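J.: the sequence and its predicted three-dimensional model are supplied below.
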Amino acid sequence: MKLLEKMERVCRIHKLLKLEATGTSDEFAERLNLKRRQVYNILEELREIGADIQYDTVRRTYYYGNDFDIEVRIGKGRL
């Protein structure tokens, strides 16, 4: 997978987590046009960098249990 494609996926997942609008794991994967395992893998990567990702069984959504944010900057510059 290309870097920009993965970044786009992570940003879409992040947005749904922030909105607390993921649905169940199957619905989450379907919204993203991914397999459930792919979603789980990305969630695990987010956890590894400090995201406290929780699941609310009443509201049926994943959400951040901490004040987690992602900032992505892409630009042309000097190395």
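T.: All right, it came through fine.
J.: now do the same contact list for D52.
T.: Y64, G65, N66, F68 (CB atoms under 8 Å, 6 or more residues apart in numbering). (C-beta placed from N, C-alpha, C; glycine too.)
J.: in which helix or strand does the third one reside?
T.: In other words, N66. Using DSSP states H and E, N66 is not contained in any helix or strand.
J.: list the buried ones in the longest helix along the chain?
T.: When the chain is parsed with DSSP state H, its longest helix is helix 3-19. Within helix 3-19, the residues that count as buried by 16 or more other CB atoms under 10 Å are R9, I13, H14, L16, L17.
J.: tell me the pLDDT of the second one.
T.: Spelled out, it's I13. At I13, the pLDDT value in this model is 96.
J.: the closest residue in space to it that isn't next to it in sequence in helix, strand or coil?
T.: Distance criterion CB to CB, 6 or more residues apart in numbering; nearest residue to I13, sequence neighbours excluded, is I42 at 5.6 Å. Three-state call for I42 (DSSP: H, G, I helix; E, B strand; the rest coil): helix.
J.: I42 contacts M7, correct?
T.: No: with contact defined as CB atoms under 8 Å, I42 does not reach M7; the gap is 11.0 Å.
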